[in-house]
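Q: heads up, no residue letters with this:
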């Protein structure tokens, strides 16, 4: 069973991704609307994948990723953003992200494919 954490301050996004991933028999999903509540569990390395929003009021995704990578280098990370710029993409990858997804989501099957590919 693969464990996936979704960290996003938008409840609609959390609910949609949770429903999408819960359809997969081999994926267990945990959602966090506040990154400060997720950071210690994610640092401990109990998740195989973290889907992480870049823009959150409590802590942005890059700060979260850098804090996570101080203790955990093995968990895969997919960044999610509605504000894609080359700088953000490069900063995400330099901070340790494995991939990124643009919001608003245009194709749920493509998101699922990206998750499967990242977990493979």
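A: It's in. As the structure is a prediction and not an experimental result, all values here were calculated from the model. Numbering: from 1, shown residues only.

Q: partner residues bridging the residue nearest the centre of the chain?
A: Nearest residue to the geometric centre of the chain (CA atoms, centre = their mean): residue 51, 1.1 Å. Beta-bridge partners of residue 51, counted by DSSP bridges, are residue 6, residue 78.

Q: wait, what's in contact with it?
A: 4-8, 17, 77-78, 80, 101, 115 (CB atoms under 8 Å, 6 or more residues apart in numbering). C-betas here are computed from N, CA, C, even on glycine.

Q: try residue 41
A: 5, 30, 47.

Q: in this protein, what residue sits furthest out from the centroid?
A: Distance to centre of the chain, CA atoms, centre = their mean, peaks at residue 25 (19.3 Å).

Q: show the model's pLDDT score for that residue.
A: If you check residue 25, the pLDDT there is 94.

Q: could we number from 874 for the rest of this?
A: With 874 as the first residue, the last one maps to residue 898.

Q: how about residues contacting the strand or helix carrying residue 889?
A: Assigned by DSSP states H and E, residue 889 belongs to helix 884-895. Outside helix 884-895, the residues that touch it by CB under 8 Å, 6+ apart are 877, 879, 881, 900, 902, 904, 906, 924, 926, 953, 976, 978, 981, 984-985, 988.

Q: need the max-distance pair from these.
A: Pairwise distances across the contacts of helix 884-895 (CB to CB) peak at 21.7 Å, for the pair 906 and 985.

Q: residue 949 reaches residue 922, doesn't it?
A: Yes. Taking CB atoms under 8 Å as the definition, residue 949 is a contact partner of residue 922 at 4.7 Å.
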